[in-house]
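**Q** model the following, please.
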Amino acid sequence: MNKWRSLAVCAALILGFAGIVGARPWWLRGVPSNDADFLPPDVAFRVGSRIDGNLVRVQWAIADGYYLYKDKMRIVAESPDLLIGTPSFPKGVMKDDPNLGSQEIFTRQVEGTAVFTRTDFGAHPMQIKVTYQGCAEAGLCYPPITKVLFPGSAAVPLPQAQPHRWEGAAIVGGGLAFLMAGLLLRKGRRLDIPDS
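**A** This is a model prediction of the structure:
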């Protein structure tokens, strides 16, 4: 009986430790170990657009630890009979980039605006093409990203902070494994005590 109890306790501890090992400790967050530690480009740089009168507004929500290059951002017409003026962006922050030298960048969020005119009187859906490029502060630079957007009238929601993958499951799994091991050990002691 003690053999099975010991095996159950060992199995519970191994499962708990397996969950803990899958999570990155807090002191290693922000220190990349490989490309899998970086966010996918659509999560690092979320983009959306909306129409505001005769302006098209394109908003980028940029994840913490990431940035976009101002001079790599473009907004152009994609649908027929749509004319888009030169986009304007706010002033960014200067960064000494190891690969590109001194660059103006955006962090957190940025909005670009451009005046548009339509000569098709709304016969076609409005489509714009946006191009942008950014990097992670930890050293990974993404290739240029191009997306076709259909501007609507709703504002773009900003992203919520993304939890680290498996972190919550590892904490809960580890806690449950230790709780189960403690209960099994306590039950084992109760059974092994001889009556006096």
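
**Q** show me the shaky parts of this protein.
**A** 1-36, 122, 153-196 (pLDDT under 70).

**Q** now do the strands in it.
**A** With strands called from DSSP state E, the chain shows them at 45-52, 55-62, 66-69, 74-77, 82-84, 93-97, 101-106, 109-118, 128-132, 134-136, 145-149.

**Q** between strand 101-106 and the longest one, find me the angle.
**A** Going by axes from the mean of the first three to the mean of the last three CA atoms, to 10 degrees, strand 109-118 is angled at 80 degrees with respect to strand 101-106.

**Q** which other helices and strands does strand 109-118 contact?
**A** Strand 109-118 is packed against strand 55-62, strand 74-77, strand 82-84, with contacts defined by 3 or more CB pairs under 8 Å, 6 or more residues apart in numbering; DSSP states H and E. Yep, even glycine has a C-beta here, placed from its N, CA and C like the rest.

**Q** distance of the residue lying closest to residue 115 once chain neighbours are set aside relative to residue 75?
**A** Spatial nearest neighbour of residue 115, chain neighbours left out: residue 85 (4.2 Å); criterion: CB to CB, 6 or more residues apart in numbering. Residue 85 sits 9 Å away from residue 75, going by CB to CB, to the nearest Å.

**Q** residue 96 pairs with what?
**A** Beta-bridge pairing for residue 96 (DSSP bridges): residue 102.

**Q** just checking, it touches residue 104?
**A** No: judged on CB atoms under 8 Å, residue 96 makes no contact with residue 104 at a distance of 11.4 Å.

**Q** compare the two (neighbour count), which wins?
**A** Using other CB atoms under 10 Å as the criterion, residue 96 and residue 104 rank with residue 104 on top: 14 against 8.

**Q** for the more buried one, what are its contacts?
**A** Applying CB atoms under 8 Å, 6 or more residues apart in numbering to residue 104 gives the contacts 69-71, 91-95.

**Q** top of those by neighbour count?
**A** Most surrounded of the contacts of residue 104: other CB under 10 Å gives residue 69, at 20 neighbours.

**Q** my read: residue 81 touches residue 120, true?
**A** Yes: contact status for residue 81 versus residue 120: in contact at 3.7 Å, counting by CB under 8 Å.

**Q** one step back: tell me the contacts of the residue nearest to residue 115?
**A** Contacts for residue 85 (CB under 8 Å, 6+ apart) come out as 114-116.

**Q** same list (the residues you listed) but as a markdown table, adding distance to residue 55 and neighbour count.
**A** Output for these, formatted as a markdown table (distance: CB to CB, whole Å; neighbours: other CB atoms under 10 Å):
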| residue | distance to residue 55 | neighbour count |
| --- | --- | --- |
| 114 | 7 | 20 |
| 115 | 6 | 14 |
| 116 | 7 | 19 |
